[in-house]
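>>> how would this look folded up:
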Amino acid sequence: MAGAVEYLTPDNADDHWDLIEGQGSLFHVSYSGVTLALVHGGQPDALILCTEPTRAHMRGLPEYQQPSLEALRDTALTLAWVGNPNCQVVAVSVNTQHLNEADALAHMAEVEVRIGLPTVDPYRQGAARLVDALDGITARQKPEAALTGHITPDA
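Take a look at the predicted model:
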């Protein structure tokens, strides 16, 4: 699968991105192989971490606890650097559907301070800050690979 992703996402011209949305998890035993193939094949310049704060364990696997965002960031970068040593995590996307507005905003503010990256729920707040974070890498480096949209701790 990694080879197919690499074939479909060749190095780009400077005027566009490829966005690869990962629908799995590096930490879920049922989906990690697919997610890793997307990361290795896409050779991303940037990753956006995704999380759902009310989920305590992997979907369908209560014995597998969610990793911290720090563990997700560190693992995702280590694996992404195999294909692109310049890859960086640029933002955090949070699914706050099970939180009220005040709790959602407080949680995202805490994550943003703790992780030091723009943190939003794109359904509540739009995706502009995520796009701005991705756009920021093009100012710092020439895009050489696909942009992986989501690396999630759970599936």
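
>>> which element follows the top helix by length along the chain toward the C-terminus?
Scanning the chain for the helix with the most residues, using DSSP state H, yields helix 101-115. Downstream of helix 101-115, the first helix or strand assigned by DSSP states H and E is strand 119-120.

>>> contacts for that following strand?
91-94, 108-109, 111-112, 126-127, 129-130 (Cβ atoms under 8 Å, 6 or more residues apart in numbering). Backbone N, C-alpha and C define where each C-beta goes, glycine included.

>>> list buried residues within these.
Those of these that meet the buried threshold are 91-94, 108, 111-112, 127, 129-130, by 16 or more other Cβ atoms under 10 Å.

>>> restricted to helices, list those residues.
The helices, defined by DSSP H, take in 108, 111-112, 129-130 from those.

>>> tell me the two of the residues you listed that are most distant?
Pairwise distances across these peak at 13.6 Å for Val111 and Leu130 (criterion: Cβ to Cβ).

>>> can you list the weak-confidence ranges in this structure?
For the chain, the stretches flagged by pLDDT under 70 are 10-14, 138-155.

>>> at which residues are the helices of it located?
Per DSSP H, the chain carries helices over the ranges 2-8, 32-42, 69-80, 101-115, 122-125, 128-140.

>>> most remote residue from this structure's center?
Ala102 (24.2 Å; Cα atoms, centre = their mean).

>>> quick one, what contacts that residue?
Listed by Cβ under 8 Å, 6+ apart, Ala102 has no contact partners.

>>> measure it to Val111 for me?
As judged by Cβ to Cβ, to the nearest Å, Ala102 and Val111 stand 15 Å apart.

>>> now Gly60: how far from His28?
9 Å.

>>> and if you look at Ala37?
Per Cβ to Cβ, Ala37 is found 14 Å from His28.

>>> these two: which is more packed in?
Using other Cβ atoms under 10 Å, the more surrounded residue of Ala37 and His28 is His28, with 21 against 18.

>>> could you double-check that the more buried one lies in contact with Arg55?
No. Assessed by Cβ atoms under 8 Å, His28 is found out of contact with Arg55, at 11.3 Å.
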